[in-house]
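Asks: For reference, the sequence and a predicted model appear below.
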Amino acid sequence: MTTTPPPGYQPAPYGFPQPPPHPEANSAMVLGIVGLCLSVMCGGIGVFVAPFGWIKGKRVMAEIDANPAAYGGRGNAQAGFITGLIGTIFGALYMLFWVAYVIFIIVMIVVASKETDSTTTFDSINAMLSSRI
């Protein structure tokens, strides 16, 4: 006995057919993840990429929520939004750290240059060299 269905037989669909994913949902997720990784691992460079994932993820989520029957993929868009937001925050903190570090170094150089007297330094070096001879 064969178990092949008769010609023209269509099996009943299980559940409802899922709408296709939004065309930009995956790109929002990729931008957010790349921005987060660059912000954490490369000292804040992701601050230039992560906001694009954040903005695109928010826009795509709004489009999916406006017409849920036409588009799916809200999870990917939400992942891009969240990782883009976190990557932007980390990147901004890293950039703030680097700016404060550079300002600190400049202040230390200026303070050190004002406190040292060049004649005193050279006199002490000459005294040290003459004592060894």
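Replies: Structure received. Here the structure is a predicted model, which means the values were calculated and not measured. Numbering: from 1, shown residues only.

Asks: pLDDT weak spots in the protein?
Replies: Confidence mapping of the chain against pLDDT under 70 gives the ranges 1-2, 5-6, 9, 11-13, 15, 115-126, 128, 132-133.

Asks: what about the helices in it?
Replies: Read by DSSP state H, the chain holds these helices, from start to end of the chain: 25-41, 50-66, 74-115, 118-132.

Asks: What is the longest one packed up against?
Replies: Meaning helix 74-115. When contacts are defined as 3 or more Cβ pairs under 8 Å, 6 or more residues apart in numbering; DSSP states H and E, helix 74-115 sits against helix 25-41, helix 50-66. The way it works is simple: take the backbone N, C-alpha and C, and place the C-beta from them, glycine included.

Asks: Could you pull out the buried residues of the first one?
Replies: Translated: helix 25-41. Buried residues in helix 25-41, defined by neighbour count with 16 or more other Cβ atoms under 10 Å: 25-39.

Asks: report the angle between the axes of it and helix 50-66?
Replies: Put simply, helix 25-41 runs at 150 degrees to helix 50-66, going by axes from the mean of the first three to the mean of the last three Cα atoms, to 10 degrees.

Asks: looking at the helices of the chain, which is buried most?
Replies: For the helices of the chain, the stretch with the most neighbours on average is helix 25-41, a mean of 22; neighbours defined as mean count of other Cβ atoms under 10 Å.

Asks: Just the angle for it relative to helix 74-115, thanks.
Replies: Relative orientation of helix 25-41 and helix 74-115, computed by the same axes, to 10 degrees: 30 degrees.

Asks: what would the helices of the chain look like in TSV with distance to residue 19?
Replies: Listed next are these as TSV, based on distance: least, Cβ to Cβ, whole Å:
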stretch	distance to residue 19
helix 25-41	11
helix 50-66	9
helix 74-115	10
helix 118-132	76
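
Asks: Which one of those helices lies nearest to residue 14?
Replies: helix 74-115 (20.6 Å; Cβ to Cβ).
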